[in-house]
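*Asks:* Next input, structure requested:
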Amino acid sequence: MVNYFGAVDHRRLTEEFPLGDGFLERFRRLSRDELFDRQNLRFRRVMRRAWQIPFYARRYRAAGVEPRDIRGIEEIGLLPTFSKAGSVHWAALTANMRRVTVILIADEGSDQMVSSPQQTAGAKRNHGIDVAPLTLHIGAEISGVDLTKPLPADQLKQVRDAFLKWKVVFFRGQHLDHAQHVAMARQFGEPTIGHAVFGHVGGFPEIYSVAKNRTANENRTAMMVTPWSGWHADITAAVNPPMASILRGVTIPPYGGDTFWTNLGAAYTGLSPTMRGFVNGLRGIHKFAPRESVTPGSEYNKRVERRALESEHPLVTVHAETGERVLFVSPSFLKSVVALTPGESHKLLEMLWEHVTRPEYTVRFKWNEGDIAFWDNRSTAHLAPRDIFESDFDRQLYRITLVGEPLVGVDGKPSQSIEGLPILSAAEELRMMAAE
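*Replies:* Numbering: from 1, shown residues only. Below you'll find the model as predicted:
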């Protein structure tokens, strides 16, 4: 017999339920019958503890497995496993102090792996997708999907569910071209024009070039820097900010250039009940404002004036899909709070901006070429890197945003446009431009 070890580090499970340093060696000395006699009870105990940990419960249920399905080691075939060449006769979950792995026992010299019917059914249901959370409140990496092709219906649902739960999800090494990026985005919504103010990539009206020295970064050194400078949700000056954004890394510096996201739902929950009650009924003015102290003929200001955008949004919104309350404060766009004096508005907003950018609500993502970030623009804000301007490294990403709806407050009142048109789909925007 030959032992094959699955390549999964389940530190979380062993921290919750260590089985002891000597367990693995004792396991290896047992015959199959002895293992079944001695370990079924222990195995059931391990599995009961595993199902109490959300990470494992999600993984098992994604494979269509419930706790009642696992009565002993003979049912191990129902669980997600890792295949090696060989004919599988049986499998067992084992542990030592550092890791828990799935061990597959196979005949030496066999060339084919034979999956049990349960394993085959589970694989068909799960399609190999894995969602790995990165922090307590926000961010997860998704593996086992190929975004260069249309996703199967079950994978599409799992990605969407992870997107709603973790607010931003990351896919490593996808290496999409422009056409594949657009096709991937269309599976989740209708793409907007690349950027309503700053334009789009030639030949691909749905794509915005997030280049290091783009117009949006013009005269950046003249802006005052605070701890919340640069944090924003995308284009909240519009009455219908994009529902989601999909950012693709193409040219990535070897170090530096990380992006941050923060969970505005968790930030709302983190306020005191008194403060939540106060901000629930407030509304804020979001505006794409021209920049001061810029040279005459500023391209940034020309574009901002050409597509003026100003809207009134609830300070606390109710998420259209989850019903979660969100502290919708976008530092780069939110200029004032309605019905407060300028001094009151300024102090309140600074307090809220400081609150939503607290580290415990955030995730930091280190990019590699081919990576994709997909975030919920209704419940997050993000921060583009500033350190890239201190190096000679280039940085090029491309973004697609999806058409959104006006936001709704706790009182049921929607966002209101003060100036400017809603952000439409790429096709509608092009027709509107052609008619001008």
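
*Asks:* all helices of the stretch 301-436 of the chain, in order?
*Replies:* Secondary structure of the stretch 301-436 of the chain by DSSP state H, counting those that start in this stretch: the helices cover 342-356, 426-435.

*Asks:* got the ones you listed as CSV, with mean neighbour count and distance to residue 377 columns?
*Replies:* Every C-beta, even on glycine, is put in place using the N, C-alpha and C of the backbone. What follows is the helices of the stretch 301-436 of the chain, written out as CSV (neighbours: other C-beta atoms under 10 Å; distance: least, C-beta to C-beta, whole Å):
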stretch, mean neighbour count, distance to residue 377
helix 342-356, 16, 14
helix 426-435, 13, 17
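
*Asks:* which one of those lies closest to residue 256?
*Replies:* Nearest to residue 256 among the helices of the stretch 301-436 of the chain is helix 342-356 (24.0 Å), distances taken as C-beta to C-beta.

*Asks:* Please, where are all the strands along the stretch 101-250 of the chain?
*Replies:* 130-133, 140-143, 168-171, 208-211, 244-251 (DSSP state E, counting those that start in this stretch).

*Asks:* ranking those by mean pLDDT, which is last?
*Replies:* Lowest mean pLDDT of the strands of the stretch 101-250 of the chain: strand 208-211, a mean of 91.

*Asks:* any chance you could map the strands in the stretch 301-436 of the chain?
*Replies:* Per DSSP E, counting those that start in this stretch, the stretch 301-436 of the chain carries strands over the ranges 310-314, 316-318, 325-327, 334-337, 362-365, 372-376, 380-383, 396-402, 416-419.

*Asks:* now for the second one, which elements pack on it?
*Replies:* Helices and strands touching strand 316-318, by 3 or more C-beta pairs under 8 Å, 6 or more residues apart in numbering; DSSP states H and E, are strand 325-327.

*Asks:* Other residues contacting the strand it packs on?
*Replies:* By C-beta atoms under 8 Å, 6 or more residues apart in numbering, the surrounding residues in contact with strand 325-327 are 264-265, 267-269, 271, 276, 279-280, 315-319, 352, 355-356, 378-379, 410.

*Asks:* Just the buried subset of those residues, please.
*Replies:* The neighbour-count test (16 or more other C-beta atoms under 10 Å) marks 264-265, 267-268, 271, 276, 279, 315-319, 352, 355-356, 378-379, 410 as buried among the contacts of strand 325-327.

*Asks:* My read is that residue 282 contacts residue 338, right?
*Replies:* Yes: counting by C-beta atoms under 8 Å, residue 282 touches residue 338, with 6.9 Å between them.

*Asks:* Look at the two and report which has more neighbours.
*Replies:* Neighbour count, other C-beta atoms under 10 Å: between residue 282 and residue 338, residue 282 has more, with 18 against 13.

*Asks:* The residue nearest to that one when sequence neighbours are not counted and residue 286, how far apart?
*Replies:* Spatially, and ignoring its direct neighbours in sequence, residue 282 is nearest to residue 315 (4.2 Å; C-beta to C-beta, 6 or more residues apart in numbering). Using C-beta to C-beta, to the nearest Å, residue 315 is found at 11 Å from residue 286.

*Asks:* which neighbours do the two share?
*Replies:* Common contact partners of residue 315 and residue 286 (C-beta under 8 Å, 6+ apart): none.

*Asks:* per-residue confidence for residue 321?
*Replies:* Looking at residue 321, its pLDDT reads 97.

*Asks:* so how far is residue 347 from it?
*Replies:* Per C-beta to C-beta, residue 321 is found 33 Å from residue 347.

*Asks:* Residue 150 now?
*Replies:* 50 Å.

*Asks:* Quick check: can you list the domain ranges of the chain?
*Replies:* Using automatic domain parsing, the domain parsing of the chain gives 2-126, 132-435.

*Asks:* Which of those comes out lowest on mean pLDDT?
*Replies:* Of all the domains of the chain, the minimum mean pLDDT falls on domain 2-126 (a mean of 46).

*Asks:* hang on, the earlier thing: with residue 386 as the reference, name the closest of the strands of the stretch 101-250 of the chain.
*Replies:* Checked against C-beta to C-beta, the stretch from those lying closest is strand 208-211, at 14.0 Å.

*Asks:* CA atoms only for that closest one - export them in CSV, please.
*Replies:* What follows is strand 208-211, C-alpha atoms only, in CSV (Å, rounded to 0.1, in the frame of the first residue of the first chain):
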residue,chain,number,x,y,z
TYR,A,208,-11.4,52.0,-18.6
SER,A,209,-7.6,52.1,-18.6
VAL,A,210,-6.3,52.4,-15.0
ALA,A,211,-2.8,53.5,-16.0
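
*Asks:* Need the residues that contact that strand.
*Replies:* Where contact means C-beta under 8 Å, 6+ apart, the residues beyond strand 208-211 that reach it are 194-195, 198-201, 247, 384, 395-401.

*Asks:* What is the neighbour count of residue 340?
*Replies:* The local packing of residue 340 (other C-beta under 10 Å) involves 15 other residues.

*Asks:* And it, how far from residue 350?
*Replies:* 13 Å.

*Asks:* Also residue 273?
*Replies:* As for residue 273, its distance to residue 350 is 21 Å (criterion: C-beta to C-beta).

*Asks:* and if you look at residue 395?
*Replies:* 30 Å.

*Asks:* how close does residue 239 sit to residue 231?
*Replies:* 21 Å.

*Asks:* Give me the more crowded residue out of the two.
*Replies:* Ranked by neighbour count (other C-beta under 10 Å), residue 239 and residue 231 place residue 239 first, with 25 against 22.

*Asks:* Leaving out chain neighbours, which residue sits closest to that one?
*Replies:* With C-beta to C-beta, 6+ apart as the criterion, residue 239 has its nearest non-adjacent residue at 3.9 Å, and that residue is residue 417.

*Asks:* and the closest residue to residue 166 other than its chain neighbours, what is it in contact with?
*Replies:* Nearest non-adjacent residue to residue 166, counting by C-beta to C-beta, 6+ apart: residue 140, 4.0 Å away. Shown in contact with residue 140 (C-beta under 8 Å, 6+ apart): 131, 132, 133, 134, 162, 165, 166, 168, 169, 170.
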